[in-house]
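Chemist: Show me how the following folds:
(one chain, ligands or ions: 2)
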Amino acid sequence: MQGDPTQAYIRNLFAAEDSALQAARLRHEKENLPAIHISPEEGKLLLVLLHAVGARRVLEIGTLGGYSGIWIARALPPDGKLITIEHDSKHVDAARRAFAEADVSHKIELLEGDAREVLRRLTPEFDAVFVDADKEPLALYYREAMRLLKVGGLLLCDNALLDKRVVDRADDAADVRGVREFNRLAASDVGLAATIIPIRDGLLVGLKLAT
Ligand code: SAH
Ligand code: MG
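Modeler: Residues are numbered from 1 along each chain as shown. Ligands and ions are numbered 1, 2, ... in the order given. All right, here's what the predicted structure looks like:
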């Protein structure tokens with residue numbers, strides 16, 4: 001992985017990968033999964049934030065090959081749980097292998113199916129929700145995440161800048177509209193303190209203040 005020297009400095013100093021993370025990332029190329037996983041620096045940021053709220057029960061929407069899932073699982077205590085949702089069976093297979101190699105399978109429950117359906121079955125409360133799947137239904141994911149989060153819980157959403165397309169007024173595609181709507185809901189919700197950290201493709205971070 002390259003990137004600019006500042007990112008490389010942060011990555012090398014704070015977010016060095018061990019062999020399990022490296023293998024999970026390299027599997028994306030080898031098995032033709034889209035290489036749209038989070039970066040190591042973003043993984044480390046998730047880990048710090050999850051520790052900050054003492055997260056024990058976390059929900060992820062969009063597992064892919066399990067790269068972010070490993071970072072999240074490592075932030076949890078031994079009896080902590082990550083519930084992660086993925087609808088592509090090829091991704092599910094890759095993620096299961098990644099979790100086994102990283103020795104975090106016992107902390108993870110992988111729910112295979114369409115998040116729009118699976119989310120309805122879930123019950124509160126979660127200490128954090130990491131939203132990182134398809135962009136069109138983001139308004140629905142916002143409502144479900146806020147329903148499932150406890151007060152004091154963390155709302156996290158990847159690709160909050162969508163390759164800077166959110167700031168291009170001429171871009172009115174369905175995925176951009178989804179991201180803009182999620183950002184607008186998070187910004188205007190009096191029950192949430194939120195902002196976007198411009199790391200990689202933008203990470204929206206919010207703290208649920210009230211129901
Ligand atoms: N969080 C991962 C990257 C996720 S990429 C990481 O950083 O390592 C987005 C994933 O969401 C893809 O694997 C895609 O198959 C999945 N996805 C997209 N729409 C979905 C839906 N409606 N339900 C469940 N999974 C979905
Ligand atoms: Mg993403």
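
Chemist: Could you use CA atoms for every contact and neighbour count after this?
Modeler: Will do.

Chemist: Show me the residue at the heart of this protein, geometrically.
Modeler: By CA atoms, centre = their mean, the mean C-alpha position of the chain lies nearest to Phe130, the distance being 3.8 Å.

Chemist: now for the strand or helix carrying it, which elements pack on it?
Modeler: Using DSSP states H and E, the element containing Phe130 is strand 126-131. If contacts are counted by 3 or more CA pairs under 8 Å, 6 or more residues apart in numbering; DSSP states H and E, strand 126-131 sits against strand 57-61, helix 138-148, strand 149-158.

Chemist: what's the angle from it to helix 138-148?
Modeler: 170 degrees (axes from the mean of the first three to the mean of the last three CA atoms, to 10 degrees).

Chemist: and the chain, which of its residues are near ligand 2?
Modeler: For the chain, the contact set with ligand 2 under CA under 5 Å from the ion comprises 132, 158.

Chemist: strand partners of the strand holding Phe130, parallel vs antiparallel please.
Modeler: In the sheet, strand 126-131 lines up against strand 57-61 (parallel), strand 149-158 (parallel) (DSSP bridges).

Chemist: and the residue of the chain most remote from its centre, how far is that from Leu185?
Modeler: Distance to the chain centre peaks in the chain at Ala170, reaching 27.5 Å (criterion: CA atoms, centre = their mean). Distance of Ala170 to Leu185, computed by CA to CA, to the nearest Å: 21 Å.
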